[in-house]
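# sequence-free structure coming up:
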């Protein structure tokens, strides 16, 4: 057929969607009518020469081709048949939707030679269209088809005394139960999405894990189908891989059953289980998770991240042996070095070891392991891997009352309510100058009490004096709240000193500083493990200033620079992660150095006190005061303070958001933006 390219494209489109049963070729006039009125010189017209084509077209196909051709040429109907054009457009739109639906269950790496695979996948996808994951249903069906084909092959040609046949039969038997539970989870998932635009929740995460499990299982089964009869078929490797994936099927089923139980108790839209959680916790603890740390460790990640996960977990398993047997760091390192090979080669031992570690939940061990990033060798690694900085200075910020230019007074260990009350009762409800002067005097009197008796007496006098002062009801509410917190902090401090015998406030301060500085795991003495979160003699908090360029006014050791670039308009305040128990600003330098160069802004990374030696809310108080000090002294950090953002990862993300909320509560300037990476926001012990 000699015609325009558009006509050929229309013909190809038609033939790809319709059957091509060979029939008598339609007469030339009928074919010529396809062109309609035609258009340019290349268009097909009545009377154009036609070559013999060994292809049959029914009248319906000719009509469809005519409509396709007209729509592709954009011809207008002189008869004004707008309804016909709308019908054509609607039909084409429907065809596109059908194509998208047909493609929705295409499986990556699917071998179309599997008997009945496409038909089973289409049927499964149709069932799963009740969810928004039809491709997952098709994946289940395709994996089942591959398992059936393997069973057929291994029945005819047994391999390894029917070991493969029995293994594949077990996989085929567990797939229906997995699919049924997964389908129920998929029906629940949309009800718990963050928003229509953010489809994310734990139910989707479960099905995402199962998707990776199915893809890996399907890949291994297809390998059996294609290569089992070859001379160099690596049977041991494939058998080990399939065995490890089969071992994960039972835990997956149990976890989905627990998730469905939790969903039944939490209601239609709640993510937090509202019912009795003891049984759910017990059920979760009873799930055997060792299979996830064996041969298939990190199966849900891409290859590069999977290898990184394997390295980290092998190192953890090896380090745990030295940690349990020795207290000396050198002996721990030597023992761990010789254990690495064992856990690399023996996946079963590694799985058992890691499962035991995670069930024990040994906080000291986890802290010791992650603090390996702060060892001497790791501390200097960022210097070789990252860019060179003009400023990398450790600052010591005193935790003491901070009076700001607007008259607001910030006290260590005291959560002020100025912002909250001004928001509730109006900006004029609180006279900052008057309240600050009175509160500063009361704080000085209470914190200078050295005995519990004198503290109680002074507190009573201050309360009596407050009633005589001319304060508004809002101001009195603010002052009472602050005085109560000051009194409680000082009471806890004096009680702690009394219980420690000869300990003094100065000695207690030194212990707290030593604990904050000690980023290595040690045996915690009785004094260190006491809950002295509010026992503030405060001391100071360390923070690391990193800057790629030197800026005018920037601190360098104890001096202020009089040369360099103009102050940066932006400042980044960073809170490191580590589960509130480990790591430091130095261990996060590996990326902070790049940020300092790429953003060309000073970075203040706060080394807040770590648990369990410094319990909540000590870290939050320190982070807030470090942020407030940074904003108040922006010029000393090399910036104008025009834009300030807080950044944190994991536990640091929690602290970054908490600092922003604390600013609103205190009436202090909030950050211009909060950037959180995988923040730990739900820290309650709850099934969600």
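Received it, and whenever you're ready, just let me know what you need. Just so it is clear, the model here is predicted, and its values are computed rather than measured.
# now do the buried residues in the helix or strand containing residue 461.
Using DSSP states H and E, residue 461 falls within helix 452-468. Across helix 452-468, burial judged by 16 or more other C-beta atoms under 10 Å covers 455, 458, 459, 462, 466. Where C-beta positions appear, they are placed from N, C-alpha and C, glycine not excepted.
# show me what that helix is packed against.
Where contact means 3 or more C-beta pairs under 8 Å, 6 or more residues apart in numbering; DSSP states H and E, helix 452-468 is packed against helix 432-447, helix 473-499.
# make it 6 Å
helix 473-499 (3 or more C-beta pairs under 6 Å, 6 or more residues apart in numbering; DSSP states H and E).
# the helix it packs on vs helix 432-447, what angle?
20 degrees (axes from the mean of the first three to the mean of the last three C-alpha atoms, to 10 degrees).
# helix 473-499 packs against which elements?
Packed next to helix 473-499, using 3+ C-beta pairs under 6 Å, 6+ apart, are helix 418-425, helix 432-447, helix 452-468.
# figure out which of these is closest to residue 658.
Of all the helices and strands packed on helix 473-499, it is helix 418-425 that lies closest to residue 658, at 14.6 Å by C-beta to C-beta.
# which other residues reach that closest one?
Contacts to helix 418-425, defined as C-beta atoms under 6 Å, 6 or more residues apart in numbering, come from residues 430, 474, 478, 664, 665, 666, 667.
# next one: stretch 147-166
With contact meaning C-beta under 6 Å, 6+ apart, stretch 147-166 is reached by 114, 168, 171, 172, 221, 224, 225.
# which two in the residues you listed are spaced the farthest apart?
114 and 171 (15.2 Å).
# residues of the longest helix belonging to the chain that come out buried?
When the chain is parsed with DSSP state H, its longest helix is helix 235-266. Neighbour counts over helix 235-266 (16+ other C-beta under 10 Å) mark 238-249, 252-256, 258-259, 261-263, 266 as buried.
# over to stretch 435-445?
If you call a residue buried by 16+ other C-beta under 10 Å, then stretch 435-445 has these buried ones: 435, 436, 438, 439, 442, 443.
# quick one: residues contacting the fifth one.
The neighbourhood of residue 442, defined by C-beta under 6 Å, 6+ apart, consists of residue 462.
# ok, now the fourth one?
Contact criterion C-beta under 6 Å, 6+ apart gives 409, 482 as the residues in contact with residue 439.
# one more time with 7 Å
For residue 439, the contact set (C-beta atoms under 7 Å, 6 or more residues apart in numbering) comprises 409, 479, 482.
# from residue 415, how far off is the last one?
The one in question is residue 482. Residue 482 sits at a distance of 9 Å from residue 415 (criterion: C-beta to C-beta, to the nearest Å).
# tell me which of the two has more neighbours.
residue 482 (21 against 16; other C-beta atoms under 10 Å).
# need the pLDDT of that one.
As predicted, residue 482 sits at a pLDDT of 92.
# surely it and residue 413 touch.
No: using C-beta atoms under 7 Å, residue 482 is not in contact with residue 413; the gap is 10.4 Å.
# and the lengthiest strand in the chain, which strands flank it?
In the chain, taking DSSP state E as the definition, the longest strand is strand 639-649. Strand 639-649 has the following strand partners under DSSP bridges: strand 568-575 (parallel), strand 673-677 (parallel).
# buried residues of the shortest one, list them for me.
When neighbours are counted by 16+ other C-beta under 10 Å, the buried residues of strand 673-677 are found to be 674, 676.
# hmm, who's touching that strand?
Strand 673-677 has contacts (C-beta under 7 Å, 6+ apart) with 645, 646, 647, 648, 649, 653, 656, 657, 660.
# check the offset of that strand from the chain's centre.
Chain-centre distance of strand 673-677: 13 Å, with C-alpha atoms, centre = their mean, to the nearest Å.
# helices of the stretch 501-650 of the chain, start to end?
505-517, 526-529, 589-599, 618-632 (DSSP state H, counting those that start in this stretch).
# ignoring the adjacent residues along the chain, who's closest to residue 193?
residue 199 (4.8 Å; C-beta to C-beta, 6 or more residues apart in numbering).
# can you check the pLDDT for the one you found?
87.
# my read: it touches residue 191, true?
No: here residue 199 does not reach residue 191: they are 11.2 Å apart, not a contact under C-beta under 7 Å.
# ok so, going back, any idea which of the helices of the stretch 501-650 of the chain scores lowest on pLDDT?
The minimum mean pLDDT among those belongs to helix 526-529 (a mean of 31).
# rewinding a little: got the contact list for the helix or strand that the longest strand of the chain is followed by?
Downstream of strand 639-649, the next assigned helix or strand under DSSP H and E is helix 651-666. Contact partners of helix 651-666, identified using C-beta under 7 Å, 6+ apart, comprise 410, 415-420, 575-580, 619-620, 623-624, 627, 646-648, 669-671, 674, 676-681.
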